[in-house]
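Novice: generate coordinates for the sequence data below:
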Amino acid sequence: MSVFSPGTELKRMTRGRLPKVALVVLLFIPLIYGALYLWAFWAPTDRMSDLPVALVNEDQAATASDGTEVSAGDDLVDTLLDRRDLDWHLTDADDAQDGMSNGGYYFAVTIPEDFSQRIASLDTDAQTAEIEVDYNDTNSFLADTLGKQAMKQVRDTLAETVSQEQADKVLVGVNKLSDGIRDAADAADEVNDGAQQLKDGNTQLADGATTLTAGLGDLADGTASLADGAGQVAQGAQTAQNGSQQLAAGAGQLSSGAAQASSGVAALQSGATAFASGMSTESQGLAQLNQKVNGEASTEASNMPVWQAAQELSDGASKVSSGVNTLSETLETQRKTLQDNPDLQKADEAITQARKQIHSTNPDFPVEPNKDMSGLSDQSDLISALVTIPDTEIPQANKISLLEAIEATGKANSAIATLQQADAGITTVQPGQTSSLKDGANGLAEGAAALQRATGSQATDPEACTAAVSSAENAGSTPKLTDTVCALSNGAATLNASFGTKTDTSSDTLLGGINQLASGTTQLAAGSDTLATNLNQLVAGLGTLSDGSSQVASGADQLNTGAESAESGSAQLADGAQQASDGATQLADGTQEFSDTVSDGAAEAPDYSDGQTQSMSETIANAVSLAETTHNAVQGFGEGFAPFFIALATFVGALITWLILRPLPSRPLAVGASGLRTVLNGFVPASVLGLGQVIIMLAVLVWGIGVRPTHPIAMALFVLLTTFAFLTFQQMLIIVFGSAPGRVVALVLLMFQLSSSGGTYPVETTPKFFWWIHPYMPASYVVDGLRPLIGGGVDGRFWVALVFMSGLFLISLLISAIAAQAQRVWTVGRLHPEITI
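Specialist: Here you go, the predicted model:
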């Protein structure tokens, strides 16, 4: 037989059904161990999102130094839930604690209530914001390790975000400071522009001041010219005053003439009275004469000769007519002289201009004098209105001159009114009346003269004349006398008729006119006196008016030239001052803006002390920290993985034990022992080996490697229970499935337990298949029972594991006993098995 020949063993494996199955299983056992384990732990960190973790948010919102609200806790929660790095369960503190204790959560993350406050105070009172993380190694040491790595990533991400926000604040402050500096630079440019404009304005202001100085020189020259003009005006005023004095003298002469006229009128009135009486007598005498001449006797005669009364009447009428004409001409001349006075006309023009100026300010004031008011009332209104006009409209000096002009013109107008009144009194004696009076008197005088010449001496005595005529008539006088008498008779008749008519129709009118003339001349005399008085006042007023108006007019012209020059200079000065003011305003605004900008920039710029700077730099570098607390902590990976490896060791120890010992001894069955007794007969030697395995293993772990279990006795007992359970469990598999198949099943189960027990990576980080088989694998309960015994924190999971392993032990014994009882009858298959191990 060749050395390399497959031999009879492989041929033997091809005989029967079970060897073929065993051969196939042998081919796939390495694959099962290698592939299954790699599949389970291929990428556990990629499945961290299935790891249940409690998240508690106790944070309270805070207010940052810039007034913004900071809710860092809520933001962190939102970030964690959105990222789903872990299977976050947002809950409260109590539920998180309970879940972490019983394995519902692998660890708990708590955001404290001052988290936002610490974040918000990084730029004032730097404090590191903490995240509280509670781990429980009883749940899974490797889960805690992975959780710590995950939380470090969360911390780093959050710290990066916070640091970025703080850096943004710093950069914002720097940017604001930079903006403030740029604004300050712009404001400085405006300040420079304003200063330049102020400089230009000051230059123009200096030029305007120079021009104003020159204008003031011109104004001084104009003032000198004004003084010269005032002298000239004084001379003209003197001339006007002289003329007014002459006018006053003429008024005196007028007063004297009026007095003479009054005396003549008085004489005329007396003569008219005598004339009226003589007329009556003469009329009677003429009637007698006429009667004598015509043969009629006269019974009455006048005491005064006719011709004498007629002569006096004629003389008085001539004087009256001459006096009236002279007086009327004198009054007209004086009135025209007064009205045509140039100073009075200038005063009227000035008053008219003042009226217009007052009207422009006060529309209710009339431009023209009110004719319905007296002169004094109108002057009073004008003076009142003039006083209320501001000095800016009419200067004070001009007001004084106008007031003097108003006073002088008032007096002049009063004098003119007096002249007009006197002239009106004179003209009340109608020209027809004085003419008729004069003609009648002349005719009477001529008739009286003829009568005198005719009667000679007798003419002086009417009775004598009558007697003479009668004697002559009786004596047969000559025809000449007769003719004369006839002529006289005719004349007397005519005169009688004429005088009768005059006496009847006009004597009353004549006497009334003479009385009116007397009254008028009386008024004329009084008016002449008043005129003389007012003209004297007018002399003084015209002098003052001449001074004021001439000085105002001439001085204003002279002053205007200098004022125009000064106005030009002041305009330039005003422009320069305005420009300087604008420049100063712009300079002030620019300076204020510069100050505000720098202040704002300084306010926005960070200002920290050395201690704050150091603290902030450290805090910003470590803005968020993890306040980690590990409950039931183990020493490291050794203690963390100890439950897993103890479970593996006990299972493998049982597997090796049953390779040496027979799970079901044949002798007890041969003598008819019960199945339980037979099983116990095989278990007891194995349990002794198992006890030795436990003692040696635990001694090495505790005193050799350094495992420090929290509950060492309980741990030793639980490990012993686990060993016994695995021995009975594998004994059952061998009794039920046979020696070889039972051991193969045990090997396969060992691989499934290693990948699904959660002794290394949390089962949540493995594929779903291992989630499903995890509750049914004994090693899962061994791990859950050993973790609290090693790290502490015994909870319900330990008791569940204890019950499960005890049940596995008992159930395995029971099933083995039942199976052993059935095998008391030997078969060919048992005597000659297809495959043995």
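
Novice: tell me which residues touch residue 685, please.
Specialist: Listed by C-beta atoms under 8 Å, 6 or more residues apart in numbering, the contact partners of residue 685 are residue 661. Quick note: C-beta positions are derived from backbone N, CA and C, even for glycine.

Novice: need the three-state assignment for it.
Specialist: What DSSP: H, G, I helix; E, B strand; the rest coil gives for residue 685 is helix.

Novice: separation between it and residue 665?
Specialist: Using C-beta to C-beta, to the nearest Å, one gets 9 Å for the distance from residue 685 to residue 665.

Novice: do the same with residue 333
Specialist: Between residue 333 and residue 665 the computed distance is 188 Å (C-beta to C-beta).

Novice: pick out whichever of these two has more residues nearby.
Specialist: Each of residue 333 and residue 665 had its neighbours counted (other C-beta atoms under 10 Å), and the higher figure belongs to residue 665 (17 against 14).

Novice: the more buried one is in contact with residue 684, isn't it?
Specialist: No. In terms of C-beta atoms under 8 Å, residue 665 does not count as a neighbour of residue 684; the distance is 10.3 Å.

Novice: what ranges do the strands span in the stretch 51-200 of the chain?
Specialist: In the stretch 51-200 of the chain, strands defined by DSSP state E, counting those that start in this stretch lie at 52-57, 62-63, 69-70, 87-90, 107-111, 129-136, listed in chain order.

Novice: low-scoring stretches of the stretch 501-650 of the chain, by residue?
Specialist: Screening the stretch 501-650 of the chain residue by residue with the criterion pLDDT under 70, one finds the ranges 501-574, 576-577, 580-581, 583-584, 587-588, 590-591, 594-595, 597-622.

Novice: rerun at 90
Specialist: Flagging of the stretch 501-650 of the chain using pLDDT under 90 yields the residue ranges 501-628, 630, 632-640.

Novice: how is the protein carved up into domains?
Specialist: Taking automatic domain parsing as the criterion, the chain consists of the domains 8-29+33-40+636-831, 245-531.

Novice: and the ones you listed, which one is worst for confidence?
Specialist: Ranked by mean pLDDT, the domains of the chain bottom out at domain 245-531, which scores a mean of 57.

Novice: number of residues surrounding residue 116?
Specialist: Residue 116 has 25 neighbouring residues, counting by other C-beta under 10 Å.

Novice: and it, how far from residue 110?
Specialist: Summarising the geometry, the distance separating residue 116 from residue 110, computed by C-beta to C-beta, is 14 Å.

Novice: wait, doesn't residue 813 sit right on residue 728?
Specialist: Yes. Using C-beta under 8 Å, residue 813 is in contact with residue 728, at 5.2 Å.

Novice: neighbour count for these two, which is higher?
Specialist: Comparing residue 813 with residue 728 by neighbour count (other C-beta under 10 Å), the higher total belongs to residue 728, at 26 against 21.

Novice: which residues sit in contact with residue 790?
Specialist: Applying C-beta under 8 Å, 6+ apart as the definition, the contact partners of residue 790 turn out to be 634, 639, 642, 643, 707, 708, 709, 710, 711, 715.

Novice: would you mind measuring from it to residue 686?
Specialist: Residue 790 is 26 Å from residue 686, by C-beta to C-beta.

Novice: one more: residue 162?
Specialist: From residue 162 over to residue 686 (counting by C-beta to C-beta), the distance is 62 Å.

Novice: do the same with residue 649
Specialist: 15 Å.

Novice: looking at those two, which one has more neighbours?
Specialist: Neighbours per residue, other C-beta under 10 Å: of residue 649 and residue 686, the larger number sits with residue 686, 23 against 19.

Novice: surely that one touches residue 659?
Specialist: No. Between residue 686 and residue 659 there is no contact, the gap being 10.9 Å when judged by C-beta under 8 Å.

Novice: distance between the ends of stretch 113-127?
Specialist: In stretch 113-127, first residue to last residue: 14 Å (C-alpha to C-alpha, to the nearest Å).

Novice: please shift the residue numbers so they start at 784 in all later answers.
Specialist: Noted, 784 is the first residue going forward, which turns the last one into stretch 896-910.

Novice: what about that stretch, average pLDDT?
Specialist: For stretch 896-910, the per-residue pLDDT values average out at 77.

Novice: if we can go back for a sec, got the strands of the stretch 834-983 of the chain as CSV, with mean neighbour count and distance to residue 818 columns?
Specialist: Formatted as CSV, the entries for these read as follows, by neighbours: other C-beta atoms under 10 Å; distance: least, C-beta to C-beta, whole Å:
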stretch, mean neighbour count, distance to residue 818
strand 835-840, 22, 28
strand 845-846, 16, 54
strand 852-853, 16, 52
strand 870-873, 16, 27
strand 890-894, 25, 32
strand 912-919, 23, 33
